[in-house]
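>>> Provide a 3D model corresponding to the input given below.
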Amino acid sequence: MVFLKASEYKAYKGLIKESLRDNMSDIEVVLTDLGEIATRELAKKHKPYGLKQNKKIAKMGGSVPLK
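From the prediction side, this is the model:
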């Protein structure tokens, strides 16, 4: 699985000033939402403190396996 930063994905899609989310397919939006929800739930559970811990939770939320 390949993970891209938002700026890398915008470049991949050829977007300069447009909103990335406005240019996503329905599936891309749903998967992005799933990662955001998973991250929020993990943050509630683990209660991270500081940038380092929050980055760890964000990585965990962005890599939740789909079953």
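
>>> where does this structure dip in pLDDT?
1, 65-67 (pLDDT under 70).

>>> quick check: longest helix of it.
If you go by DSSP state H, the chain has its longest helix at helix 26-46.

>>> contacts for that helix, please.
With contacts defined as Cβ atoms under 8 Å, 6 or more residues apart in numbering, helix 26-46 is touched by Arg21, Met24, Gln53, Asn54, Ile57, Ala58, Met60, Gly61, Gly62, Val64, Leu66. No exception for glycine: its C-beta is placed from N, CA and C like everyone else's.

>>> how about 10 Å then?
Outside of helix 26-46, the residues within contact range by Cβ atoms under 10 Å, 6 or more residues apart in numbering are 6, 9, 13, 20-22, 24-25, 48, 53-54, 56-64, 66.

>>> filter those down to the buried ones.
With neighbours counted by 16 or more other Cβ atoms under 10 Å, the contacts of helix 26-46 contain buried members at Pro48, Ile57, Ala58, Gly61.

>>> got the residues you listed as TSV, with distance to Thr39 and secondary structure columns?
Shown next, in TSV, are the buried ones among the contacts of helix 26-46 (distance: Cβ to Cβ, whole Å; DSSP: H, G, I helix; E, B strand; the rest coil):
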residue	distance to Thr39	secondary structure
Pro48	10	coil
Ile57	6	helix
Ala58	6	helix
Gly61	3	helix
